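Engineer: Okay, sequence plus prediction incoming.
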Amino acid sequence: MSTLLANLNEPQLAAVTLPAEHALILAGAGSGKTRVLTTRLAWLISTGQVGPQGVLAVTFTNKAAREMLTRLSAMLPVSTRGMWIGTFHGLCNRMLRAHHRDAGLPQSFQILDSQDQLAAIKRLLKTLNVDDERFPPRNLQHFINGAKEEGLRPAQVEAHDDYSRRCVELYQAYDDQCQREGVVDFAELLLRSHDLLERNQFIREHYQRRFRHILVDEFQDTNRLQYRWLGLLAGGGAAVFAVGDDDQSIYAFRGANVANMAAFEREYRVRNLIKLEQNYRSQGNILACANTLILNNRSRLGKNLWTDSGDGEPVRVHEALDDRQEAQWLVEEVRGLVRDGWARSDVAVLYRSNAQSRVIEHALFSAGLPYRVYGGLRFFERAEVKHALAYLRLIENPADDGAFLRVVNFPTRGIGARSLEALQDSARGGASSLFAAVAGLSGAAAAKLTAFTRLIDGLAAETRRLPLPELVEQVVERSGLAAHYLAEKEGQERLENLRELVNAAAAYLAEEGIGQDVPAAVGVAAAAAPLPANLLADVPEVLGDAAPEAGGAALPAMTPLAAFLSHASLEAGDNQAGEGADAVQLMTIHAAKGLEFDGVFVTGLEEGLFPHENAVTGTPRGGVRPGATDESGLEEERRLMYVAITRARQRLYLSFAQMRMLHGQTRYSMRSRFLDELPEGSLKWLTPRTQARAEPAWSEGYRGAWEGFDAPARGGARPAQGGAGASAWSSSTRGGAARGRADNGDTGRLGPHEQRAAQRFDRGIAYRVGQGVMHARFGEGVIVGIEGSGDDARVQVDFGRVGVKWLALSVAKLETLG
DNA sequence: TCGGTTCAGAGTATT
DNA sequence: TCTGAACCGA
């Protein structure tokens, strides 16, 4: 015990040892959140307040769940097997497996990942002859998932017009299709589990009695449905211990509802609110930047990070001419760090959007610096792996039409579109699965299709006695997949991935504690083999309550194969590229959340990119509203910046470029407003700090500037679309009231940005960004930047094909146009 | 049925 | 500019 609680700081200790009541822990970045969570768990158990079976701990990612399990077993001499620690989806899956009948699901229902779901929707639209131009599958997927995450079944979705009525119909048809085929999507796992708890008093009370303590990680990321799910579980008096950080809420776009934190505090009458503000990760200047920046957000619960490790180095800021130069500079800095003895893997390069990685990769590659890009295709998402899984799914559940269509003609068996159309017609007529409909078919196509179903039947029968890894191996061989990739020129890697799938099956069994000698296709309980503890350990207990006389042997059990398939859906695996190597780490800021590095580069700090244009204008969410600003979107971007900054332990670089290739066109942007929200004293500019920022291109001011501006006849002279990133502080300075020439210093109700811009204007340069000009030698151009004043004044002009030039006004002869 | 061409779209993402 | 998906011809 003493070792368990040793070295906790005061608020950490207070949180860990709170009484069995609801609590909200506001855990700042790097404040030891995971430690508090796991130590709380360990403390509750080791003090005998609750047994390992009496707690439920839920996370968002498998990684976080694994970490919690690992740390917990290091702290406690207790087997974590069978404990309810996992992701929302994993735990819901577990619950649905245990009560599949009550949940209205077949014993071995399969889980659709996003890819599968989209395919299912496309298939549905085709079957129903729906115009997929009017109802794009992606939109429908979004609509369906959105509804489910709000806890809404089709009947409960409000539809006020024909279009949304049709969407609701399609939602219903999609759910029917899933039900027919015995599959559930990710959102359905949660919703089904929620509905089960809500409707079935017996099951609900069982779990309410069982879980006395509910611990939730990353509470700021919960959506409404997850909040309600927790509510049902906690309804019997469990103590909810919610840990989160509203300042790190960066997933609103995928349904996260930060308001759940405030709602929790209110609805659960939380009396224990603890803030963890001591940061053990970053040095002072870095924290000062984070703290000062986030003060610009209005909607916060409020928190201020501190450290006792000193100021450390200043935060370095670099301005580059363009994206390539930014990357080049970065490469030089990294080289310097490596020379100084840094490991490359201690350095991370962060960016707002994936597209930005290309230029950086190019520069790193050219310099021979090893790097690793996070994200991308993961193991179980690979085409060849999905193909193999589709065969396995058919063995487990022949009604899975999605799996059927995926592999019926892969490798090719001469089964073309026409045969499949005939089959689909027949299946529709008989309301049966495609697999079942094959039997009723006649003609030339029938023979080939029958050969396919025989293959599957044969595999199912002959592999029934085999342990899972051997089953997988057999399927890879006899499906023809192995031969197919062997014959393919570039099939080597795919073949290796298929071999890896066999290993993954073996590893899965080992992890779940299922004996390797258990036949894969035979129900685990029926075979009297050890239960896959994580999946079924509590079933007897549940059924024991329901029907004390029912013995465990009568249990409907899931096969190791079915269990492995759901594992494959729920955990997509890593993208293995370059793992373990000493390489510079490249990733989006989103992907960096939760990680930390000695050195961090945050790149592309430009208006339009970061904060991202769409977030600021509220597009496409909420429709295109040019010129509008979206405060909540901007605040989320700022939190993203906060996350980025707080990844760094020791050294932080912030960089931006004056122009950047975007969508094939050169874009000019102002530096990000976030840079101007950092405390000057904590920064060190590596390049001269230029003057004021202007309003971003898409703002009110942008339109003001371009109105009345006649684009030069030669299209090339006009900056690329949205190009006058540096446009128009001239008009925006007056809050958009009077347009045109800025001629006074009325800065009364202006924000800091506008004020600075207005001051700049007072210095009396008669040019403005966005202004068309004519140069004797370079021709027509557009001003994209202004610097200095008086005799030192320079303007940056885009002359289209001629290029972008800085011109000193005292030297260059410019004529204004328009 | 494959392979080339064309076209649109290009923000962040876990399960 | 670059990518992925859809489409058409052999």
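Structural biologist: Structure received.
Engineer: Grab the nearest non-local neighbour of A:D102.
Structural biologist: A:N200 (5.5 Å; Cβ to Cβ, 6 or more residues apart in numbering). Using the backbone N, CA and C atoms, a C-beta is placed for each residue, glycine as well.
Engineer: Next, find the distance separating the spatially closest residue to A:L128 that is not a sequence neighbour from A:A568.
Structural biologist: The shortest distance from A:L128 to any non-neighbouring residue, by Cβ to Cβ, 6+ apart, is to A:A173 (6.4 Å). Distance of A:A173 to A:A568, given as Cβ to Cβ, to the nearest Å: 27 Å.
Engineer: again, but for A:Y374
Structural biologist: 21 Å.
Engineer: likewise A:Q328?
Structural biologist: 42 Å.
Engineer: which one of those two has more residues nearby?
Structural biologist: A:A568 (26 against 18; other Cβ atoms under 10 Å).
Engineer: tell me the phi and psi of the more buried one?
Structural biologist: phi -60, psi -30 (degrees, to the nearest 10).
Engineer: isn't it right up against A:R382?
Structural biologist: No - judged on Cβ atoms under 8 Å, A:A568 makes no contact with A:R382 at a distance of 11.2 Å.
Engineer: What residues of the helix or strand containing A:E384 count as buried?
Structural biologist: Taking DSSP states H and E as the criterion, the element that holds A:E384 is helix A:383-396. Judged by neighbour count using 16 or more other Cβ atoms under 10 Å, the buried positions of helix A:383-396 are A:384-396.
Engineer: Show the average pLDDT along that helix.
Structural biologist: For helix A:383-396, the mean pLDDT works out to 94.
Engineer: Residues contacting it, please?
Structural biologist: Here helix A:383-396 makes contact (Cβ atoms under 8 Å, 6 or more residues apart in numbering) with A:108, A:110, A:115, A:379-380, A:400, A:402-404, A:406-407, A:410, A:435, A:456, A:459-460, A:463, A:471-472, A:475-476, A:479, A:481, A:485, A:494-495, A:497-498, A:501, A:521, A:559, A:561-562, A:564-565, A:568.
Engineer: Can you spell out the domain ranges of chain A, please?
Structural biologist: When chain A is parsed with the TED database, its domains come out as A:3-103+A:190-278, A:110-181, A:315-378+A:576-685, A:380-512, A:771-816.
Engineer: Buried residues, the host helix or strand of A:L118. List them.
Structural biologist: Under the criterion DSSP H and E, the helix or strand holding A:L118 is helix A:114-127. Of the residues in helix A:114-127, A:D116, A:Q117, A:L118, A:A119, A:A120, A:I121, A:K122, A:R123, A:L124, A:L125 count as buried by neighbour count, 16+ other Cβ under 10 Å.
Engineer: do you know which of the domains of chain A lies nearest DNA strand C?
Structural biologist: Checking those against DNA strand C by Cβ to the nearest atom of the strand gives domain A:315-378+A:576-685 as the closest, at 2.4 Å.
Engineer: which strands and helices sit next to the lengthiest strand in chain A?
Structural biologist: In chain A, taking DSSP state E as the definition, the longest strand is strand A:648-662. Contact here means 3 or more Cβ pairs under 8 Å, 6 or more residues apart in numbering; DSSP states H and E; on that basis strand A:648-662 packs against helix A:284-294, strand A:315-322, helix A:323-339, strand A:597-602, strand A:665-668.
Engineer: any idea which of the ones you listed scores lowest on pLDDT?
Structural biologist: Per-stretch mean pLDDT for the helices and strands packed on strand A:648-662 is lowest at strand A:665-668 (a mean of 90).
Engineer: could you dump that strand to CSV, C-alpha only?
Structural biologist: Extracted C-alpha coordinates of strand A:665-668, given in CSV (Å, rounded to 0.1, in the frame of the first residue of the first chain):
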residue,chain,number,x,y,z
GLN,A,665,-1.8,25.9,-56.2
THR,A,666,0.4,28.3,-54.3
ARG,A,667,-1.3,29.8,-51.4
TYR,A,668,-0.2,32.8,-49.4
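Engineer: quick check: angle from the helix holding A:E384 to helix A:114-127?
Structural biologist: 70 degrees (axes from the mean of the first three to the mean of the last three Cα atoms, to 10 degrees).
Engineer: after helix A:383-396, next one along is what?
Structural biologist: Heading C-terminal from helix A:383-396 (DSSP H and E), you reach helix A:401-407.
Engineer: Let's test this: mean pLDDT of that following helix, rounded?
Structural biologist: 93.
Engineer: Ok, stretch A:797-815 next?
Structural biologist: 68.
Engineer: Name the residue of the stretch 451-600 of chain A with the shortest distance to DNA strand C.
Structural biologist: A:N575 (13.2 Å).
Engineer: dump the residue contacts of that residue.
Structural biologist: A:N575 neighbours (Cβ under 8 Å, 6+ apart): A:Y374, A:G375, A:G376, A:L377, A:R378, A:F379.
Engineer: So which of these is the closest to A:R667?
Structural biologist: Of all those, A:R667 sits closest to A:G375, with 23.6 Å by Cβ to Cβ.
Engineer: now that closest one, what's its secondary structure?
Structural biologist: Using DSSP: H, G, I helix; E, B strand; the rest coil, the three-state assignment for A:G375 comes out as coil.
Engineer: So it is in contact with A:A591, correct?
Structural biologist: Yes - here A:G375 reaches A:A591: they are 5.8 Å apart, a contact under Cβ under 8 Å.
Engineer: Between these two, which has more neighbouring residues?
Structural biologist: A count of neighbours by other Cβ under 10 Å puts A:A591 above the other of A:G375 and A:A591, at 17 against 14.
Engineer: Now do the contacts for that one.
Structural biologist: A:A591 neighbours (Cβ under 8 Å, 6+ apart): A:Y374, A:G375.
Engineer: which parts of chain A sit against DNA strand C?
Structural biologist: Contacts of chain A with DNA strand C, taken as Cβ under 7 Å from any atom of the strand, map to A:K122, A:R358, A:M661, A:H663, A:G664.
Engineer: can you narrow those to ones near DNA strand B?
Structural biologist: Near DNA strand B, by the rule Cβ under 7 Å from any atom of the strand, you find A:H663, A:G664 out of the residues of chain A next to DNA strand C.
Engineer: so which of the residues of chain A next to DNA strand C would you say is closest to A:K63?
Structural biologist: A:R358 (26.5 Å).
Engineer: and the gap between the closest one and A:Y668?
Structural biologist: In terms of Cβ to Cβ, A:R358 sits 19 Å off from A:Y668.
Engineer: Neighbour count: those two, which is higher?
Structural biologist: The neighbour count for A:R358 versus A:Y668, taken as other Cβ under 10 Å, is higher for A:Y668 (27 against 13).
Engineer: so what's that one bridging to?
Structural biologist: On the basis of DSSP bridges, A:Y668 is bridged to A:M659, A:A724.
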